[in-house]
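**Student:** model this:
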Amino acid sequence: MRMIDGSYWTLPLQLMAFTAAAILWPRGAATGHRITVLLWVMILAPVILQWNDRIANSPLWVIQIWNGLGIHRLQLFAIGIAIWLWSKHRIGLPHLAALLVATVFAHHAQTDDLPSSLGMGVLLVVVAGAARGPDWTIFEPLRRPIEFLAKISFGIYLLNQELGYLVSWHLMTLGVGRVGQIAGAVAAAILLAWLLTRYVEQPAYRLLTTFKPVRRLGVRAVAWLTT
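**Tutor:** As a prediction, the model looks like this:
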């Protein structure tokens, strides 16, 4: 069990963020200056709250809520929203640049790892460029493999996190080298993600979108969220 890392915080963070988005979005939180204020709060509030080790010196239940919900990673969702807003011409380049700098600062403040924080900043610039367009025709020969991986990407994320480390560990016990461990984990994640998407996610989606009682429940949920 020591081989499994602590990256499971991403799952509760996603649930919290997407639930909050579903509740706030219909109520106008994404309009006007409200959304930009929300982005700055998401980036800076966690840094302020845990400044000078305030969270680390808090009661255990506070630490568990903080780490369990991944509140210290809210800046990653905020910058994703900011990039989307910029790609839709809803915020300007200077504003996006300021949010990018603030995100890198927040990440460094919470991890104390400057190289990875700067690397993440470079990656975010690339993502922003890809989001704004134009499309990069240089990758046209790889379009079909990229589309295939995109369709099963959430399954890859789930299964790499759940099983990737276990596959690597078992390969290591068999004497497989580092490159072989990585290749085996990647291959296993892709294969299992395709199976999960093909035989679980897609049938479940068809059931949920065609089964009338479930559809009525969904309509009621949307109506409640938008009131």
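**Student:** Could you count how many residues lie near Leu44?
**Tutor:** The number of residues packed near Leu44 is 18, by other CB atoms under 10 Å. Placement of C-beta: from N, CA and C, glycine included.
**Student:** How about the contacts made by it?
**Tutor:** 102, 106 (CB atoms under 8 Å, 6 or more residues apart in numbering).
**Student:** go on, Trp66?
**Tutor:** With CB under 8 Å, 6+ apart, Trp66 has these contacts: 50, 55, 58, 72.
**Student:** Now do the phi/psi pair for the second one.
**Tutor:** Translated: Ile55. Main-chain torsions, Ile55, degrees, to the nearest 10: phi -70, psi -40.
**Student:** do the same with the third one
**Tutor:** For Ser58, the backbone dihedrals are phi -90, psi 170 (criterion: degrees, to the nearest 10).
**Student:** tell me the two of the contacts of Trp66 that are most distant?
**Tutor:** Comparing all pairs in those by CB to CB, the longest separation belongs to Ser58 and His72, at 12.8 Å.
**Student:** Tell me which of the two has more neighbours.
**Tutor:** The neighbour comparison of Ser58 against His72 (other CB under 10 Å) goes to His72, with 21 against 15.
**Student:** Can you classify Gly32 as helix, strand or coil?
**Tutor:** coil (DSSP: H, G, I helix; E, B strand; the rest coil).
**Student:** Show me how far stretch 137-153 is from its chain's centre.
**Tutor:** 20 Å (CA atoms, centre = their mean, to the nearest Å).
**Student:** Identify the residues contacting Val176.
**Tutor:** Contacts of Val176 by CB under 8 Å, 6+ apart are Gly184.
**Student:** measure it to Ala185 for me?
**Tutor:** 10 Å (CB to CB, to the nearest Å).
**Student:** With His108 instead?
**Tutor:** Separation of His108 from Ala185 (CB to CB) stands at 29 Å.
**Student:** same check, this time on Ser153
**Tutor:** 16 Å.
**Student:** and those two? which has more neighbours close in?
**Tutor:** Taking other CB under 10 Å, Ser153 and Ala185 do not tie; Ala185 has more neighbours (21 against 12).
**Student:** what comes up buried for the helix or strand where Leu171 lies?
**Tutor:** Using DSSP states H and E, Leu171 sits in helix 165-173. Residues 165, 167-169, 171 are the ones in helix 165-173 that count as buried (16 or more other CB atoms under 10 Å).
**Student:** mind giving me JSON lines with the residues you listed and columns for distance to Pro12 and pLDDT?
**Tutor:** JSON lines is the format used below for these (distance: CB to CB, whole Å; pLDDT from 0 to 100):
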{"residue": "Tyr165", "distance to Pro12": "19", "pLDDT": "81"}
{"residue": "Val167", "distance to Pro12": "24", "pLDDT": "90"}
{"residue": "Ser168", "distance to Pro12": "24", "pLDDT": "88"}
{"residue": "Trp169", "distance to Pro12": "24", "pLDDT": "89"}
{"residue": "Leu171", "distance to Pro12": "29", "pLDDT": "92"}
